[in-house]
Every structure is written in C-alpha cells, then in structure tokens.
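**Student:** model the following, please.
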Amino acid sequence: FLQRGIVFGYEAVRGWEAKLAPLLTCELRQRRYGKGGTRSRHWHVDETYLKVRGRWCYLYRAIDRDGNLVDTMLSEHRDMAAAQAFFRSAEAATGITPERVTTDGHGSYPRAIRSTLGRRVVHRTSAYKNNGLEQDHRGVKGRIRCMRGFKSFASAERFCRCHDELRDFLRPRTRHSQPSPASRHRLLHLRRATKTLAIL
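**Tutor:** Numbers count the residues shown, from 1 in each chain. Model prediction:
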C-alpha cells in the first residue's frame, strides 16, 4: 500500500471490518445453504473459550463429517438457552436437519437437541470422536492469540463468525484424505479469493 501511495491507520482497517464482515458472512452463508450430501447430516458440536473485555465467553462451533463448517456462535453463557440458540442458528444457516450429533458430556446438549432438532436425531456423546473439531478450533484460536483482544461482545461475535465462514470457503478440500498437489491448492485458493473480492 505504501508503494502505491496509500496511507491508512488501524482505525481504517477496523472500520472496513465492521462494515464489510457482516456482508461477506451473509453472502458466504447463503452460498452453502441447503448444500451437502448425507455426510453433511453428521454434526460434531463443541465449544471453546474466548476472552472478551477480560471475561471468558463461549464460542460454539460445529463441523460436519468432512470438516466443513456448520455454524459458529459466540455466547456469554454456557447453558440450555445458548445450546438451543446455537442449534437453531445452525439449522437456519445450513437448511439441513442433522441425522446424528456428536458432543461432549455437557448436560445441556441432550435436551437442546430434542427440543430444537427433534427426537429422531441421534445424539452421541464421545470425547475422542470430536478430536477433528478440537483440532479445527485452532484456526480461530490461532488468529485471536496474536490480536490484542476484544473490547466488545458485538465485535468479537462479528469477527469469529466471519473468520470461520471465510476460512471454510478458502480451505482446500480432499476426499478420504487423498493427497493433492500444492499447485492445485494454489489454483483453487486463487479462484476462491477472486470470488471473495468479487463479493466485496
């Protein structure tokens, strides 16, 4: 930017994020609405911790069997109401009702699944079967770790949702863990980055 004679401060970047992140998030969520086969009906749900204004908040996240993003929601509480709100948001974002949901042993999940998604949804409680999601938390946690923290809940919620949507849109996808050449990854990333810029 300096080579092109453009000078701006961090407040300009903050303003761009506040204005453009919700638009980008909405568009990316619409693009994946109702898409996915049977593997997208198996959800892995967990929450991780995030500090906002010096207080711990809970970032609810869910991915499907292939590691694709289902939804993200930041909550100030970890209770029944938060779990129900997350499942409603996930169902609205994907347009899909899951067949099976895997969670940890937190007591609010069974009733939240029955009341929000229905009694036909199979609920599976397992710690090690959510290892893929635990590893996937590192994406947003690694991004936040090098930042100076969040001063407001609204900005933290906006950033986390947009970060996860954009990261899911740009990430390379392989079937059955088959390797693919780096040149193909670069090409796909360039195409998706171009689509993202077109959205903005």
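**Student:** from here on, just use CA atoms for contacts and neighbour counts.
**Tutor:** Fine.
**Student:** dump the residue contacts of C160.
**Tutor:** For C160, the contact set (C-alpha atoms under 8 Å, 6 or more residues apart in numbering) comprises T72, M73, L74, V140.
**Student:** brain fart, S89
**Tutor:** Neighbour list for S89: D71, M73 [criterion: C-alpha under 8 Å, 6+ apart].
**Student:** same thing with A193?
**Tutor:** A193 neighbours (C-alpha under 8 Å, 6+ apart): L170.
**Student:** same thing but at 7 Å, please
**Tutor:** The contact partners of A193, by C-alpha atoms under 7 Å, 6 or more residues apart in numbering, come to none.
**Student:** ditto for the one 4 residues further on
**Tutor:** With contact taken as C-alpha under 7 Å, 6+ apart, L197 is in contact with no other residue.
**Student:** residues in contact with the helix ranked longest in the chain: which ones?
**Tutor:** Ranked by residue count under DSSP state H, the longest helix found in the chain is helix 10-31. Residues outside helix 10-31 that contact it (C-alpha under 7 Å, 6+ apart) are A93, R158, C162, E165, I199, L200.
**Student:** follow-up on the earlier one: in strands only, show me the contacts of C160.
**Tutor:** Within those, residues falling in strands by DSSP state E are T72, M73, L74.
**Student:** how close does the closest residue in space to the last one that isn't next to it in sequence sit to C160?
**Tutor:** Across the structure, with C-alpha to C-alpha, 6 or more residues apart in numbering as the measure, the residue nearest L74 apart from its sequence neighbours is L59 (4.4 Å). The gap separating L59 from C160 is 8 Å, by C-alpha to C-alpha, to the nearest Å.
**Student:** which strand residues bridge D71?
**Tutor:** Counting by DSSP bridges, D71 forms beta bridges with A62.
**Student:** dump stretch 157-175 to PDB, restricted to CA.
**Tutor:** This file holds the C-alpha atoms of stretch 157-175, laid out as PDB (Å, rounded to 0.1, in the frame of the first residue of the first chain):
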ATOM      1  CA  GLU A 157     -19.100 -12.200  17.600                       C
ATOM      2  CA  ARG A 158     -18.800 -10.500  14.200                       C
ATOM      3  CA  PHE A 159     -15.100 -11.400  13.800                       C
ATOM      4  CA  CYS A 160     -15.500 -15.000  14.900                       C
ATOM      5  CA  ARG A 161     -18.400 -15.700  12.500                       C
ATOM      6  CA  CYS A 162     -16.800 -14.000   9.500                       C
ATOM      7  CA  HIS A 163     -13.400 -15.600  10.200                       C
ATOM      8  CA  ASP A 164     -14.900 -19.100  10.300                       C
ATOM      9  CA  GLU A 165     -17.000 -18.500   7.200                       C
ATOM     10  CA  LEU A 166     -14.100 -17.200   5.200                       C
ATOM     11  CA  ARG A 167     -11.700 -19.900   6.400                       C
ATOM     12  CA  ASP A 168     -14.200 -22.600   5.400                       C
ATOM     13  CA  PHE A 169     -14.700 -21.000   2.000                       C
ATOM     14  CA  LEU A 170     -10.900 -20.800   1.300                       C
ATOM     15  CA  ARG A 171      -9.800 -24.100   2.700                       C
ATOM     16  CA  PRO A 172      -8.700 -26.900   0.400                       C
ATOM     17  CA  ARG A 173     -11.000 -30.000   0.300                       C
ATOM     18  CA  THR A 174      -9.800 -33.500  -0.300                       C
ATOM     19  CA  ARG A 175     -11.900 -36.700  -0.300                       C
END
